[in-house]
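Peer 1: Whatever this is, show me its structure:
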Amino acid sequence: MPKFLFSSSKFRSTCALAALAIGAVAPTISTGASAQESTSPFSFSANAAIVTEYRFRGLSLSNHDPAIQGGFDVSHESGFYIGTWGSSIESYAGSEFEMDIYGGYATEIEGLTFDVGLLAYTYPGSKGTYYLELYSSIGGTAGIVDWTLGAAYVWDQDNVGGTDNIYAYVDASVPLGDTPFSLSGHLAYEDGAFGNDKWDWNAGVAYAFEQFSLSVSYVDTNVSGIGKGAIVGMLSASF
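Peer 2: Have a look, this model is predicted:
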């Protein structure tokens, strides 16, 4: 939800916890089960999660209460995709639900993954609250470490106070040997409409089993109140 929701000078972040899949985007798996489906140029995936609180860019958008989340995606073999994701939130301008709608293009070139797209943040039941954000990222593997560098940009729009915002981050994850456990970390900087020299970070551990994932992380920011440090847990499923 818009960072100005909590006060015009300080503001938010995967979804969610970008590095740990705690929040905005949970891991997804294509549903192509039959031979007929496997020949289709389209693939479909869905995800659902329960979190102890909804943290977006380090800040709690559920007032430190649990939240229910989920979404689905449609992707084409060309690399183009569209999707939507939603979460329960603390009451905001008459809405208690965030629904994000996005579309973009992802591809892999010489071992590097590139992703670029446009995301709309909406809050059904409210007025004058939606806004648009451009995002891009590049990711790869160094040894056993998976890494991602990314940025998101909100240009000046009426619903964000007529100014812009930049959010830049780095994520990393590493498996713990041949076990289903992995460690993750995230560090990000934000400045503009939603944060003045704002930092957020998290670190934690995740356990994957079949299509499920259980994760626990410590999340913190240099913002007090909704950004105070906390342990956040998530149980997610992908389909």
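Peer 1: Ranking helices and strands of this protein by mean pLDDT, which lands last?
Peer 2: In the chain, no helix or strand scores lower on mean pLDDT, DSSP states H and E than helix 35-38, which sits at a mean of 52.
Peer 1: after that helix, next one along is what?
Peer 2: Remark: after helix 35-38, the chain's next helix or strand is strand 42-51, criterion DSSP states H and E.
Peer 1: how far is the very next helix or strand once past that following strand from where the chain is centred?
Peer 2: Per DSSP H and E, the first helix or strand lying C-terminal to strand 42-51 is strand 55-56. Distance of strand 55-56 from its chain centroid, counting by CA atoms, centre = their mean, to the nearest Å, is 8 Å.
Peer 1: What strands flank strand 55-56, and is each parallel or antiparallel?
Peer 2: Paired strands of strand 55-56, with direction, are strand 59-60 (antiparallel) (DSSP bridges).
Peer 1: got the buried residues for stretch 222-237?
Peer 2: Of all the residues in stretch 222-237, those buried under the rule 16 or more other CB atoms under 10 Å are 223, 226-227, 230, 232, 234, 236-237. Every C-beta, even on glycine, is put in place using the N, C-alpha and C of the backbone.
Peer 1: now the residues you listed in TSV, with pLDDT?
Peer 2: TSV is the format used below for the buried residues of stretch 222-237 (pLDDT from 0 to 100):
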residue	pLDDT
223	95
226	95
227	96
230	97
232	98
234	98
236	98
237	98
